[in-house]
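Participant: This is a predicted model, with the sequence first.
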Amino acid sequence: MTLDQSPGPNRSFLFVLGSSRADGNSEILAREAAAHLPADVPRRWVDLNRLALPDFQDGRHEDAGRQADEVEELLLRATVEATDIVIVSPLYWYSLSAQTKRYLDYWSGWLNVPGSDFKKRMAGGTLWGVTAMADEEHEVADGLVTGLNNSAAYLRMRFGGVLTGTASRPGRVRADEQAMLRARTFFRQEAPLARFPYEEAGAAA
């Protein structure tokens, strides 16, 4: 069955920027994709470098009553209010950037925030990724793709895949004509319910 994934007025996008470089290649690619969303689709951009977000401390079994500070509360609210979350991270050592990974680590804590219903509210939403890398062979980003897919699968979200581009020096992703072309239709593609690899293997058996 083909799902209608055309962004409509009931969709809202949160773009989470996780590069250590302002206006980096991953952001350029993400903004190109966002420019081709319908004009009536709300979009919000959050730059993790501009948030005073400390390293995540896992206190799930020690401080169940922990209160989120203002910055964390803002980020939590922005996350659960979006129907579509776009992780924008360069490929650093074949995975997500430290800033992006820290943001996802906070998801673990939000699962246990009283009254947040984090897992329930995330279910049915869509997770996307955008990444730029120095390699021409985009298969080197498979680890990043798998991590995002599995995160979506755990929360019973849809996964729209990862838009990849080749660039190292600032702004060079614009020279990757194929990546810029793919960006134009990236958010129009089908985003199926994410599955863990073992679920897919079981379904095929």
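Facilitator: Arrived safely, thanks for sending.
Participant: just the strands in the protein please.
Facilitator: For the chain, strands defined by DSSP state E occupy the ranges 13-17, 43-47, 84-88, 126-133, 158-166.
Participant: which residues touch the spatially most central residue of the chain?
Facilitator: Centrality entry for the chain: nearest residue to the mean C-alpha point is I87, 2.4 Å, by C-alpha atoms, centre = their mean. Counting by C-beta atoms under 8 Å, 6 or more residues apart in numbering, I87 touches V16, G18, L96, T100, L104, L127, W128, G129, V130, L148. In this view, the C-beta of every residue, glycine as well, is placed from N, C-alpha and C.
Participant: Name the residues linked to it by a beta bridge.
Facilitator: V16, G129 (DSSP bridges).
Participant: do you know how far it is from P38?
Facilitator: 21 Å (C-beta to C-beta, to the nearest Å).
Participant: Helices of the chain, start to end?
Facilitator: 25-34, 70-81, 98-110, 118-122, 142-154, 177-185, 197-204 (DSSP state H).
Participant: Contacts for the fifth one, please.
Facilitator: Read that as helix 142-154. By C-beta under 8 Å, 6+ apart, helix 142-154 touches 87, 89, 91, 94-96, 104, 107, 126-127, 129, 131, 158-159, 161-162, 194-197, 199.
Participant: Can you flag the buried ones in those?
Facilitator: Buried subset of the contacts of helix 142-154 (neighbour count, 16 or more other C-beta atoms under 10 Å): 87, 89, 91, 95-96, 104, 107, 126-127, 129, 131, 158-159, 161-162, 194-195.
Participant: Pull the number of nearby residues for K119.
Facilitator: Number of residues near K119 (other C-beta atoms under 10 Å) recorded here: 15.
Participant: Surely it and G125 touch.
Facilitator: No - taking C-beta atoms under 8 Å as the definition, K119 is not a contact partner of G125, at 11.0 Å.
Participant: and for these two, which residues touch both?
Facilitator: L155.
Participant: Please report how far the residue nearest to the centre of the chain lies from G115.
Facilitator: I87 is 26 Å from G115, by C-beta to C-beta.
Participant: same thing with T100?
Facilitator: 26 Å.
Participant: Of the two, which one has the most company?
Facilitator: T100 (26 against 5).
Participant: How about the contacts made by the more buried one?
Facilitator: T100 neighbours (C-beta under 8 Å, 6+ apart): V16, G18, L48, I87, S89.
Participant: how about a markdown table for these, with distance to F186 added?
Facilitator: Output for those, formatted as a markdown table (distance: C-beta to C-beta, whole Å):
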| residue | distance to F186 |
| --- | --- |
| V16 | 16 |
| G18 | 18 |
| L48 | 21 |
| I87 | 13 |
| S89 | 15 |
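Participant: Which pair in those has the greatest spatial separation?
Facilitator: Largest separation among these by C-beta to C-beta: L48 and I87, giving 10.4 Å.
Participant: which residues do those two both contact?
Facilitator: V16, G18, T100.
Participant: tell me the pLDDT at the last one?
Facilitator: Translated: T100. At T100, the model reports a pLDDT of 96.
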